[in-house]
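Colleague: sequence first, then the predicted structure:
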Amino acid sequence: MSNSNALAHPPLLPRVLFFGRSCRLSALPLRALLAAGFPVAAIVTPAPPHRSDQPLPIRARALLPIVTAVAEPTLEQLASAYRVPVLETGTVRHPQVLEALADLAPDILIVSCFPWRIPKELVALASLGGLNVHPSALPAYRGPDPLFWVYRHGRLRTGVTVHQITPELDAGPILEQARFDVPLGLPGDHLEWQAAAIGARLLVRALERMARGQAQMLPQVAESASYFSWPRTRDLEITPEWVAWRAVHFLRGVIPLGYRPVYASPGQPRVTVRRLLRWCRAATEARARSQPRAVGLPVRDGVLLVEVEP
């Protein structure tokens with residue numbers, strides 16, 4: 001006898017082709033996909049610079065030995081644990097690369113912290129197109145490194161967006177988005193982890209809704225859009241005119257992200273900051289709290305005690 005209350009078969013999960021690199025913003029979303037049971041056909045990563053002249057435009061990387069009980073596994077460790085092929089390439093536009101990826105028959109492309117634009121010819125390989133995990137509340141802060149600009153502009157609130165990939169960078173319709181506060185002086189690697197973890201949850205939810213045919217795509221408001229490219233030399237500078245809170249937020253944010261800010265005062269040698277030690281309200285306090293190798297950098301409302309590059 002049939003059971004009229006029997007649950008319907010769960011929807012088939014789309015076959016994923018994942019684009020990322022060795023960073024937290026790639027590893028956490030990938031881990032979430034794998035843990036949720038999404039079939040990942042392969043992971044595509046940029047070839048290291050010393051392999052950019054390899055004879056083949058795309059090649060399989062040897063998997064690492066399987067590592068267990070890792071709190072935060074890397075992209076490579078996840079690939080080994082789940083036996084997912086890792087493909088290195090120096091370009092995503094070469095015909096042989098497109099042919100090799102087409103052979104994987106992906107249903108959808110997932111991009112998270114991949115450094116290159118995905119061409120429309122590559123997106124067309126997947127019947128469901130592509131999704132990107134972007135660490136900002138789009139349409140604000142389109143571009144390759146929004147976390148840097150959150151700190152540069154003294155922002156205390158940001159977000160993460162999962163959006164459809166379109167020819168215009170970071171401009172596609174939004175499927176999922178979350179906004180959250182950035183505490184003053186939050187280290188940049190902590191913000192990166194938070195954005196990656198939130199993005200991972202949003203990505204799984206977006207794909208599950210797509211699989212059930214329940215996804216809603218909201219167009220971005222073009223009038224509210226902003227775009228920032230990679231930081232240039234002048235974008236790393238702080239000056240005596242900065243207020244202390246903004247300087248503290250910037251230094252504590254971008255240094256853990258791998259940047260080396262520069263203190264630039266007219267008529268004085270430029271100083272590259274390695275680490276912020278503390279902020280003092282006055283020069284007398286700075287002298288009293290000074291440490292070996294500490295340098296005091298005046299700002300509008302105090303002195304920054306920092307460790308500088310030799």
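Modeller: Cool, the structure landed.
Colleague: mind listing what the spatially closest residue to L17 that is not a sequence neighbour touches?
Modeller: Of all residues not flanking L17 in the chain, P106 sits nearest, at 3.7 Å (Cβ to Cβ, 6 or more residues apart in numbering). (C-beta placed from N, C-alpha, C; glycine too.) By Cβ atoms under 8 Å, 6 or more residues apart in numbering, the residues touching P106 are R15, V16, L17, A41, L125, A126.
Colleague: distance from the helix or strand hosting E99 to the middle of the chain?
Modeller: Element membership for E99 (DSSP states H and E) is helix 95-102. Helix 95-102 has its C-alpha centroid displaced from the chain centroid by 25 Å (Cα atoms, centre = their mean, to the nearest Å).
Colleague: ok, now which ones touch the residue nearest to A42 when sequence neighbours are not counted?
Modeller: Among residues not flanking A42 along the chain, P85 sits closest, at 4.5 Å (Cβ to Cβ, 6+ apart). Listed by Cβ under 8 Å, 6+ apart, the contact set of P85 reads A41, A42, I43, A60, L63, A79.
Colleague: could those go into CSV alongside distance to Y259, neighbour count and secondary structure?
Modeller: CSV is the format used below for the contacts of P85 (distance: Cβ to Cβ, whole Å; neighbours: other Cβ atoms under 10 Å; DSSP: H, G, I helix; E, B strand; the rest coil):
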residue, distance to Y259, neighbour count, secondary structure
A41, 35, 18, strand
A42, 32, 20, strand
I43, 27, 25, strand
A60, 33, 12, strand
L63, 32, 16, coil
A79, 28, 23, helix
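Colleague: quick one: the helices in the chain?
Modeller: 24-35, 75-82, 95-102, 120-123, 146-152, 188-211, 244-254, 283-288 (DSSP state H).
Colleague: and of those, who's closest to A225?
Modeller: Smallest distance to A225 across those (Cβ to Cβ): 12.4 Å, for helix 146-152.
Colleague: that older thread, show me what counts as buried in the helix holding E99.
Modeller: Residues of helix 95-102 classed as buried by neighbour count (16 or more other Cβ atoms under 10 Å): V97, L98, A100, L101.
Colleague: most widely separated two among those?
Modeller: L98 and A100 (7.4 Å).
Colleague: that older thread, what packs against the helix holding E99?
Modeller: Judged by 3 or more Cβ pairs under 8 Å, 6 or more residues apart in numbering; DSSP states H and E, helix 95-102 is in contact with strand 58-61, strand 86-89, helix 120-123.
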